[in-house]
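J.: Mind looking at a prediction? Sequence and model below.
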Amino acid sequence: MTGGQRGTVIFDLDGTLVDSAPDLADSLDAVLEEQGLKPLGLEHGRSFIGHGIPNLVRRGLLTRDPTLSEAVIARATDRFMRIYTQNLSRKTRPYPGALDAILELRRAGWRLAVCTNKLEASARGLLADLKLISAFSVVAGPDTFGAAKPDPRHLLGCLPAETPENYPALLVGDSEVDLAAARAARLPAILVSWGYGDAAALEGKADATVTHFNEVVAAVERLSSARTTPVRQFLKREIEQ
């Protein structure tokens with residue numbers, strides 16, 4: 001083990017640890033209204049989450065007006081960030097059982113990380129607001145390592161610099177982006193059924209699927225004990241490329 005830890009459990013943030021769709025959707029609707037466009041609402045806005053803020057804003061704007069220029073979209077993205085940064089946790093809450101699972105994993109000796117396509121500062125601010133930040137050794141956004149999921153470097157950067165040959169590491173996520181990143185990084189993936197991804201389309205593609213946070217710890221223990229793929233050399237090769 002590294003530093004006395006049993007391994008690392010990497011969590012996606014939006015749609016996995018926290019239900020942030022209400023605040024993201026409200027911020028997107030505010031930007032749309034400033035552009036003179038009709039709001040999308042929570043359910044429509046929720047479907048755009050998971051690929052980062054620029055993609056969220058772009059898809060929202062072009063859904064309402066496909067003729068918008070790149071310059072307008074860029075300005076609207078900057079405006080979104082200003083609005084959202086002031087409303088990170090107005091409506092966002094952890095999913096039921098998330099805190100209990102986090103505490104149980106830490107008591108069991110697991111090192112925890114967050115890997116999100118939300119910018120690191122926003123992720124840290126949200127986790128701090130929800131009093132979860134101290135549970136995580138690493139909080140990584142696309143700006144942390146210069147890579148965003150599904151790029152495996154985003155996940156692999158969350159692991160300790162020195163890892164044993166068979167260091168246990170797993171991803172818990174809710175979307176096709178999470179599963180693609182885990183496959184590229186050669187890490188087992190646990191899919192949560194309550195998030196923003198299409199659970200039906202992703203059925204059978206993860207190493208385990210859970211329907212409540214009270215199932216996460218058992219899934220982590222089961223997959224980590226069955227792990228056979230070495231991480232160390234793959235980690236070194238990917239980070240250096």
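T.: Thanks, I have the structure now.
J.: Residue 146: how many residues sit nearby?
T.: By other Cβ atoms under 10 Å, 10 other residues sit near residue 146. For glycine as for every other residue, the C-beta is placed from the backbone atoms N, C-alpha and C.
J.: Report the secondary structure state of the closest residue in space to it that isn't next to it in sequence.
T.: Closest residue to residue 146 apart from its sequence neighbours, by Cβ to Cβ, 6 or more residues apart in numbering: residue 153 at 7.8 Å. With DSSP: H, G, I helix; E, B strand; the rest coil as the basis, residue 153 sits in helix.
J.: My guess is residue 153 contacts residue 144. True?
T.: No: using Cβ atoms under 8 Å, residue 153 is not in contact with residue 144, being 10.2 Å away.
J.: how close does the residue nearest to residue 146 get to residue 104?
T.: Distance of residue 153 to residue 104, given as Cβ to Cβ, to the nearest Å: 29 Å.
J.: Just the element for residue 139, please.
T.: For residue 139, the host element (DSSP states H and E) is strand 138-140.
J.: Show me where this structure has its strands.
T.: Applying DSSP state E to the chain gives strands spanning 7-11, 18-19, 93-94, 110-115, 138-140, 169-173, 189-192, 208-210.
J.: how much distance is there from the first one to the middle of the chain?
T.: In terms of Cα atoms, centre = their mean, to the nearest Å, the centre of strand 7-11 is found 12 Å from the chain centre.
J.: what sits up against the strand holding residue 139?
T.: Strand 138-140 is contacted from outside by 113-116, 120, 123-124, 127, 133, 154, 157-158, using Cβ atoms under 8 Å, 6 or more residues apart in numbering.
J.: please redo it, this time with the cut-off set to 10 Å
T.: For strand 138-140, contacts defined as Cβ atoms under 10 Å, 6 or more residues apart in numbering pick out 8, 10-11, 13, 111-118, 120-121, 123-124, 126-128, 132-133, 144, 147-149, 154-155, 157-160.
J.: Could I get the average pLDDT for that strand?
T.: Taken as a whole, strand 138-140 carries a mean pLDDT of 98.
J.: partners of it in the sheet?
T.: strand 110-115 (parallel) (DSSP bridges).
J.: Where do the domain boundaries of the chain fall?
T.: When the chain is parsed with automatic domain parsing, its domains come out as 7-19+92-240, 21-85.
J.: Mean neighbour count, those: which tops it?
T.: Using mean count of other Cβ atoms under 10 Å, the stretch among the domains of the chain with the largest mean neighbour count is domain 7-19+92-240, at a mean of 19.
J.: right, and residue 205 touches residue 191 too?
T.: Yes: contact criterion Cβ atoms under 10 Å: residue 205 and residue 191 qualify, at 7.3 Å.
J.: quick one: common contacting residues for the two?
T.: 176, 179, 182.
J.: Identify the residue spatially nearest to the last one, adjacent ones excluded.
T.: Spelled out, it's residue 182. residue 189 (3.7 Å).
J.: Pull up the per-residue confidence for that neighbour.
T.: For residue 189, the model assigns a pLDDT of 96.
J.: and it, what does it touch?
T.: By Cβ under 10 Å, 6+ apart, the neighbours of residue 189 are 10, 12, 155, 170-173, 178-183, 202, 205-209, 223.
J.: measure it to residue 9 for me?
T.: 11 Å.
J.: Find residues that contact each of those two.
T.: Joint contacts of residue 189 and residue 9 (Cβ under 10 Å, 6+ apart) are 170-172, 223.
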